[in-house]
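Visitor: with the input below, show me the fold.
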Amino acid sequence: MKRFIGLESFPVHNDIYYSFKNYTEIMKIPQKFRQNPAFKSEIFDNEILLYAMSDATGIYLNETASLVWELCSKNYSIADITGLLEEAYPLQKKTIGEDVVSAIESLVMNRVLIPQDD
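Guide: Here you go, the predicted structure:
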């Protein structure tokens with residue numbers, strides 16, 4: 001089964017649900033995530049296929065979601081990831097915050113990222 005990315009909200013800090021309508025909200029979120037160890041990964045160019053052998057789930061990550069997935073493994077927050085990607089891709093600065101949040105929302109909803117309690 002192949003799943004694609006794209007949802008609207010995710011639980012952060014004590015089960016409060018954030019829906020990001022304002023870019024400045026994104027930059028303030030200190031939430032961090034960790035990769036779910038139940039999922040294994042295969043890398044193809046700049047994209048990743050995640051799969052869980054337990055239930056035969058497969059999830060394809062595009063380049064943006066792949067970058068977010070990798071940065072989450074390094075203990076970066078949403079704000080950190082957004083800032084790093086804005087530095088790396090200054091021409092896409094206007095859309096990066098929204099793209100990061102969208103990727104994280106989908107990864108959490110698909111159980112491949114787990115919110116950390118710091």
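Visitor: show me where the chain has helices.
Guide: Along the chain, counting by DSSP state H, helices occupy 23-28, 63-72, 78-88, 93-109.
Visitor: out of the ones you listed, which gets nearest to T57?
Guide: helix 93-109 (12.7 Å; CB to CB). C-betas here are computed from N, CA, C, even on glycine.
Visitor: show me what that closest one is packed against.
Guide: If you count contacts as 3 or more CB pairs under 8 Å, 6 or more residues apart in numbering; DSSP states H and E, helix 93-109 packs onto strand 10-12, helix 23-28, strand 33-35, helix 63-72, helix 78-88, strand 113-115.
Visitor: pick the most buried one from the ones you listed.
Guide: Mean neighbours per residue, mean count of other CB atoms under 10 Å, is largest over the helices and strands packed on helix 93-109 for helix 63-72, with a mean of 20.
Visitor: who touches that helix?
Guide: Outside of helix 63-72, the residues within contact range by CB atoms under 8 Å, 6 or more residues apart in numbering are 5, 32-35, 41, 43, 46-48, 50, 61, 80-81, 84-85, 99-100, 103-104, 106-107, 112-113.
Visitor: can you put the helices of the chain in JSON lines and add mean pLDDT?
Guide: Formatted as JSON lines, those follow (pLDDT from 0 to 100):
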{"stretch": "helix 23-28", "mean pLDDT": "50"}
{"stretch": "helix 63-72", "mean pLDDT": "90"}
{"stretch": "helix 78-88", "mean pLDDT": "92"}
{"stretch": "helix 93-109", "mean pLDDT": "88"}
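Visitor: would you format those as JSON lines with distance to S54 included?
Guide: Shown next, in JSON lines, are these (distance: least, CB to CB, whole Å):
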{"stretch": "helix 23-28", "distance to S54": "33"}
{"stretch": "helix 63-72", "distance to S54": "19"}
{"stretch": "helix 78-88", "distance to S54": "28"}
{"stretch": "helix 93-109", "distance to S54": "18"}
